[in-house]
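Trainee: what would the 3D arrangement of this be:
(chains A and B)
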Amino acid sequence: MLKKTILILFFIGIAIKAHSQEINNATRMLLLQSAQTSPKGKLLLSASYRGGTINAGSQKLWWDLAYNSLRLSLHYGISDRIEFGLSRNAWEEHIESSLKLAWYKKKRFQITSYHAVFYTFTDKWQLDERVDFQSSRFAFVHQLIFGFQVNNDLYIQLSNSLIHKNLVANAGDAHDSYIPAIAIKQQVGKKTDLRAEFARKLKDDSNIESLYMSLGIGMQYKKHELVFYLSNAHGFNEAQFLSANTESWNKGQVNLGFLFQRHF
Amino acid sequence: MKRKLIRVMSLCACLTLSSCYYDTAEELQQYFECDSQNMSFQQDIYPIVTQYCLQCHSANNPLGGIQYENYEDVMKDVNNGSFMGSIRHTAGFSPMPPGGTLLPACTVEKLESWINANSPNN
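Mentor: This next block holds a predicted model:
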């Protein structure tokens, strides 16, 4: 009897451990970076698709290229604590290079910093009526992420982002934005979770929406992860969806999107 | 490991912080004078439409059912207000061009000047 009990407890322990290891293995929550980095030697392929607003008809939601956009990215774990990434965004034609560093890594608590450089490579940037500097095409983000694994099902993270744009439209607009954000991931099944992200820009800019919110549902299958979400942001990177977002939930500007991630 | 992290971090800081600038589009545009007087549809306006609109709104690719092949096509949207509404990103109109950025201020000024002069077909 005692043997049986010990065996049962042993297998329950293994199951709980395996389950908790699967929680928050993604390096991206919805649009925000998570505190997790890719394991050493692992390559993460990530593809994001953003449709149009859900209340604007099926043409804009799925087919109209003016409203739909794609992001492809590759993230490689140089070590268990350093991740290097390269991405390309169709929206505003950005390429970005990023580095994620895990400074403190424990089972329940993690501190990670994320650093990225965005470069706008579109020819549309070159305007006939404006001096065009290469420097104007760059934007930067530095992010400090605190991740808390509250219990086996609940993960909460706080992100503090400093975003710098070399060029802004008007004299009153801020080049530097400090934006705190919170992201929550609640496991609702063995392979299913609910996710939410919320960010508030501390200083308001003209024509820029200060609030950002995304809600999503994630599904994992082996090394694959698929997340469907609704968001008031149309951009994919932090310089777009945190500091240059013009869309609002209050005005019904809610975009449908999905994120697919796979580790190789 | 910590040393490695600090080295990588220092390199990132050097690369990114050394390339920060504080430019505004308004200031950069001041180097140019915008001549928006006596706009001609053929000489000034249609080239703008060709450059910014025809990629998605030609007869071969009329996205959203909109095409700008000639003066009459453009005037349909000028008259119902959606042409400048979209260009100015006014609420209720689809912002154009897509991508969140406005057209250059001088280009918008030229279009408005032409419309204010009763949109001549010249």
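Trainee: nearest residue to the middle of chain B?
Mentor: Central residue of chain B (CA atoms, centre = their mean): residue B:103, 1.9 Å from the mean position.
Trainee: from chain A, how far out is it?
Mentor: Residue B:103 is 9 Å from chain A, where distance means CB to the nearest CB, to the nearest Å. In this view, the C-beta of every residue, glycine as well, is placed from N, C-alpha and C.
Trainee: got it, and residue B:48?
Mentor: For residue B:48, the distance to chain A - CB to the nearest CB - is 10 Å.
Trainee: what is the neighbour count of the closest residue to that residue other than its chain neighbours?
Mentor: Setting aside the residues directly before and after it, residue B:48 is nearest to residue B:107 in space (CB to CB, 6 or more residues apart in numbering or on different chains), at 5.7 Å. By other CB atoms under 10 Å in any protein chain shown, the residues close to residue B:107 number 21.
Trainee: so where does residue B:107 fall, helix or strand?
Mentor: For residue B:107, the host element (DSSP states H and E) is helix B:105-116.
Trainee: so what secondary structure elements neighbour that helix?
Mentor: With contacts defined as 3 or more CB pairs under 8 Å, 6 or more residues apart in numbering or on different chains; DSSP states H and E, helix B:105-116 has these neighbours: helix B:25-29, helix B:46-52, helix B:82-87.
Trainee: residues in contact with residue A:254?
Mentor: A:53-55, A:230-232 (CB atoms under 8 Å, 6 or more residues apart in numbering or on different chains).
Trainee: scan the residues you listed and report the most crowded one.
Mentor: residue A:231 leads the contacts of residue A:254 on contacts (other CB under 10 Å) with 24 neighbours.
Trainee: if I look at the residue lying closest to that one once chain neighbours are set aside, how far off is chain B?
Mentor: Among residues not flanking residue A:231 along the chain, residue A:214 sits closest, at 3.8 Å (CB to CB, 6+ apart). Using CB to the nearest CB, we find residue A:214 at a distance of 17 Å from chain B.
Trainee: got it, and residue A:242?
Mentor: Taking CB to the nearest CB, one finds residue A:242 at 13 Å from chain B.
Trainee: do I have it right that residue A:164 meets residue B:21?
Mentor: No: assessed by CB atoms under 8 Å, residue A:164 is found out of contact with residue B:21, at 9.1 Å.
Trainee: who has more neighbours, the two?
Mentor: Using other CB under 10 Å as the criterion, residue A:164 and residue B:21 rank with residue A:164 on top: 21 against 13.
Trainee: ok, the more buried one - contacts?
Mentor: Each residue near residue A:164 by CB under 8 Å, 6+ apart is listed here: A:139-141, A:175-176, B:20.
Trainee: briefly note if the host helix or strand of residue A:143 comes near chain B.
Mentor: If you go by DSSP H and E, residue A:143 is part of strand A:138-149. Yes: using CB under 8 Å from any CB of the partner chain, we find that strand A:138-149 touches chain B at A:138, A:140, A:142.
Trainee: which single one of those is nearest to chain B?
Mentor: Lowest distance from chain B to the residues of strand A:138-149 next to chain B (CB to the nearest CB) belongs to residue A:140, with 5.0 Å.
Trainee: contacts only, for residue B:77.
Mentor: So residue B:77 contacts B:66, B:68, B:83, B:86 (CB under 8 Å, 6+ apart).
Trainee: tabulate the contacts of residue A:164 (a markdown table), appending neighbour count and pLDDT.
Mentor: A markdown table is the format used below for those (neighbours: other CB atoms under 10 Å in any protein chain shown; pLDDT from 0 to 100):
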| residue | neighbour count | pLDDT |
| --- | --- | --- |
| A:139 | 26 | 91 |
| A:140 | 23 | 92 |
| A:141 | 25 | 92 |
| A:175 | 17 | 86 |
| A:176 | 14 | 88 |
| B:20 | 15 | 82 |
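Trainee: for residue 115, give me its contacts.
Mentor: Let's take chain A. Here residue A:115 is in contact with A:98-101, A:140-143, B:12, B:16 (criterion: CB under 8 Å, 6+ apart).
Trainee: chain B was what I was after
Mentor: B:78, B:83-84.
Trainee: how does it look with 6 Å?
Mentor: If you count contacts by CB atoms under 6 Å, 6 or more residues apart in numbering or on different chains, residue B:115 has them with residue B:78.
Trainee: look up how far residue B:39 lies from it.
Mentor: For residue B:115, the distance to residue B:39 (CB to CB, to the nearest Å) stands at 9 Å.
Trainee: and what of residue A:191?
Mentor: Relative to residue B:39, and taking CB to CB, residue A:191 is found at 61 Å.
Trainee: those two - which one has more neighbours?
Mentor: Shown here are residue A:191 and residue B:39; by other CB under 10 Å, residue B:39 has more neighbours (22 against 14).
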